[in-house]
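In: no sequence on this one, just coordinates:
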């Protein structure tokens, strides 16, 4: 799979100005001050537009209309992006950033103390997440939910956790770290992981239903941007007392911890039955709410591969490799887990329907760029983009090979630019 940076969808609004091109970055993530203005340039000629994360320099030669001299800046805006070939004349641009919000739903069951390479899976998880957050934290928002997580106990014991084995609060109360800018929240997530020890069972469905509530009814419902869940687990989902099952779907048996018969055949062991149907229901509810879920399987999930493939399909963003879920093998160790997190967090958002946060004054003054390359409107070969309504557009629709490529490979960003003559 092609490795890309996280996609942000940006909308640029150009309005007439007598002072050349001024680029200002407005960031929904509230990472600090917006990027500063570009330097004054001359009038006339084609214009290269540059959006930078900080304050642009004072360059721009008279008569050229170029404003692409970026200063050092403070890094509070988005990454630099230049658009060549756009003739905007004198313009003032403002970017409205649609962010990526990812809730990390992490399994902390007792089996996370098992080894992964030369350390246990819990330490590997902390190391891999810290690396991934450091890499893309300035482009994404993150939050954290751990399961199980007992409200009655500071830390669940690995064994004999009793009635607390499958504890987890509902909705917002289950979210240990609310979704916030990655650069601000990475330390908080790391601290929460450091303060937590593995223990208990694997109430995956309950964790996912809490994520559904958070994003649809709780604090996450008002987040601007695109919402995602990343589910990382090392075992089969359980914790549903209402189930009864045979040995073939008893997680104790499947994990090789049953000496004989069906270890889920007793009234007090029904919560060890495989709870796959409830997980599918929760994943479908997330997907129906427009929240895709990436599924990561650590060593210990090999016997659940078929179920995890089903989970990945229900989550809406299956892997294109040998398994539909993102599998980490014992031999890959910490680096394998780190690579998986990096892959997932750098190829997000593949939608070919780009919502507009405003309406263009003229349809002939709209441009679309993917990874900073301006894409012409739909041509004879059926590849390109069009506005869903010429009079009152609400979306830009990508189609043909352009859409196919975006859905297959993903992209770092998609920009919709208002105010510049459409490049054809």
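Out: Structure's in. What do you need? Predicted model, so just to flag it, every value in this text is computed and none were measured. Numbering: from 1, shown residues only.
In: only C-alpha atoms for contact and neighbour calcs from this point on.
Out: OK.
In: mind showing which ranges of the protein have poor pLDDT?
Out: Regions of the chain meeting the criterion pLDDT under 70 cover residues 1-82, 84, 87-98, 138-139, 150-163, 346-350, 410-412.
In: which helix in it has the most residues?
Out: Using DSSP state H, we find that the single longest helix of the chain is helix 121-136.
In: tell me which residues in that one are buried?
Out: Across helix 121-136, burial judged by 16 or more other CA atoms under 10 Å covers 121-133, 135-136.
In: of those, closest to residue 373?
Out: residue 136 (21.7 Å; CA to CA).
In: what's the spacing between the closest one and residue 126?
Out: Using CA to CA, to the nearest Å, one gets 16 Å for the distance from residue 136 to residue 126.
In: ditto for residue 102
Out: Taking CA to CA as the measure, residue 102 falls 17 Å from residue 126.
In: check the offset of stretch 239-249 from the chain's centre.
Out: Distance, stretch centre to chain centre, for stretch 239-249: 33 Å (CA atoms, centre = their mean, to the nearest Å).
In: for stretch 133-145, same thing?
Out: Counting by CA atoms, centre = their mean, stretch 133-145 is centred 9 Å from the centre of its parent chain.
In: what sits up against it?
Out: Applying CA atoms under 8 Å, 6 or more residues apart in numbering, the external contacts of stretch 133-145 come out as 5-6, 8, 29, 78, 99-106, 174-183, 185-186, 189, 207, 342, 345-346.
In: which of those fall within helices?
Out: Counting by DSSP H, the contacts of stretch 133-145 contribute 182-183, 185-186, 189, 207, 342 to helices.
In: report the buried members of the residues you listed.
Out: For these, a neighbour count by 16+ other CA under 10 Å gives the buried set as 182-183, 185-186, 189, 207, 342.
In: name the SS class of residue 386, please.
Out: For residue 386, the assignment made with DSSP: H, G, I helix; E, B strand; the rest coil gives strand.
In: pretty sure it sits against residue 393.
Out: No: look at residue 386 against residue 393 with CA atoms under 8 Å: they stay out of range, at 9.7 Å.
In: which of the residues in the one helix or strand residue 338 maps to are buried?
Out: Here residue 338, judged by DSSP states H and E, is contained in helix 333-344. Under the neighbour-count criterion of 16+ other CA under 10 Å, helix 333-344 has 333-334, 336-344 buried.
In: what's the closest non-adjacent residue to residue 218?
Out: Closest residue to residue 218 apart from its sequence neighbours, by CA to CA, 6 or more residues apart in numbering: residue 172 at 6.0 Å.
In: regarding that neighbour, what is its secondary structure?
Out: The three-state label given to residue 172 by three-state DSSP is helix.
In: show the contacting residues for it.
Out: Contacts here follow CA under 8 Å, 6+ apart; on that basis residue 172 touches 210, 213-214, 218-219.
In: which neighbouring elements make contact with the following helix or strand past the helix holding residue 338?
Out: Counting by DSSP H and E, the element after helix 333-344 in chain order, helix or strand, is strand 353-355. With contacts taken as 3 or more CA pairs under 8 Å, 6 or more residues apart in numbering; DSSP states H and E, strand 353-355 sits against strand 395-399.
In: contact partners for residue 340?
Out: Contacts of residue 340 by CA under 8 Å, 6+ apart are 296, 326, 328.
In: export those residues to a markdown table and tack on neighbour count?
Out: Shown next, in a markdown table, are the contacts of residue 340 (neighbours: other CA atoms under 10 Å):
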| residue | neighbour count |
| --- | --- |
| 296 | 25 |
| 326 | 25 |
| 328 | 24 |
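In: nearest to residue 379, of the residues you listed?
Out: Of all the contacts of residue 340, residue 379 sits closest to residue 326, with 36.9 Å by CA to CA.
In: measure the nearest residue to the closest one once chain neighbours are set aside to residue 233 for me?
Out: Nearest residue to residue 326, sequence neighbours excluded (CA to CA, 6+ apart): residue 296, at 4.6 Å. The gap separating residue 296 from residue 233 is 6 Å, by CA to CA.
In: swap in residue 225?
Out: The value you get for residue 225 to residue 233, if CA to CA is used, is 26 Å.
In: the two: which is more packed in?
Out: Legend: neighbour count by other CA atoms under 10 Å for residue 225 and residue 233, higher for residue 233 (25 against 16).
In: burial check on the residue nearest to residue 392 when sequence neighbours are not counted, number of neighbours?
Out: Across the structure, with CA to CA, 6+ apart as the measure, the residue nearest residue 392 apart from its sequence neighbours is residue 359 (6.9 Å). Residue 359: 15 surrounding residues under other CA under 10 Å.
In: tell me where the stretch 251-400 of the chain has strands.
Out: Counting by DSSP state E, counting those that start in this stretch, the stretch 251-400 of the chain has strands at residues 293-297, 326-327, 353-355, 366-370, 373-375, 384-387, 395-399.
In: tabulate those strands (CSV), appending distance to residue 275.
Out: Below are the strands of the stretch 251-400 of the chain laid out as CSV (distance: least, CA to CA, whole Å):
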stretch, distance to residue 275
strand 293-297, 16
strand 326-327, 20
strand 353-355, 35
strand 366-370, 41
strand 373-375, 46
strand 384-387, 43
strand 395-399, 39
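In: of all the ones you listed, which lies closest to residue 274?
Out: Distance to residue 274, taken as CA to CA, is lowest for strand 293-297 among the strands of the stretch 251-400 of the chain, at 15.8 Å.
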